[in-house]
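Peer 1: build the 3D model from these lines:
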Amino acid sequence: MLATMARAENEVCVCDFTSALPLEQPTVSHHLRILREAGLVTCERRGTWVYYRIAADARARLDVGLGSLIPERILA
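Peer 2: Alright, predicted model coming up:
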């Protein structure tokens, strides 16, 4: 989901995830809520649907987090 939002030029509707993934809407919404609570995505409700986008600082935060898990490869 994060990769999809990172590639998207605009917000991504929760309906886009439910049509692209083999998951039901409650499961998709659950995972998006976790990402929102972690501060990695922001959302906006428009009528029935909620639209998500990656948070402004999420890329930098993910780089730091992943960098601590996956150290840079040292080239000889």
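Peer 1: what pLDDT does residue 47 get?
Peer 2: Reading off the confidence values, residue 47 has pLDDT 92.
Peer 1: for residue 75, that is, sorry about that
Peer 2: In the predicted model, residue 75 carries a pLDDT score of 46.
Peer 1: which other residues reach the host helix or strand of residue 34?
Peer 2: With the criterion set as DSSP states H and E, the secondary-structure element containing residue 34 is helix 25-37. For helix 25-37, contacts defined as CB atoms under 8 Å, 6 or more residues apart in numbering pick out 1, 2, 14, 17, 18, 21, 41, 42, 43, 50, 52. To be clear about C-beta, it is placed using only N, CA and C from the backbone, and glycine gets the same treatment.
Peer 1: and the residues you listed, which of them are buried?
Peer 2: 1, 14, 17, 18, 41, 42, 43, 50, 52 (16 or more other CB atoms under 10 Å).
Peer 1: quick check: the second one touching residue 47?
Peer 2: No. Proximity of residue 14 to residue 47 does not meet the contact threshold set by CB atoms under 8 Å, at 11.9 Å.
Peer 1: so which bits of the helix holding residue 34 are buried?
Peer 2: By neighbour count with 16+ other CB under 10 Å, helix 25-37 contains the buried residues 28, 29, 32, 35, 36.
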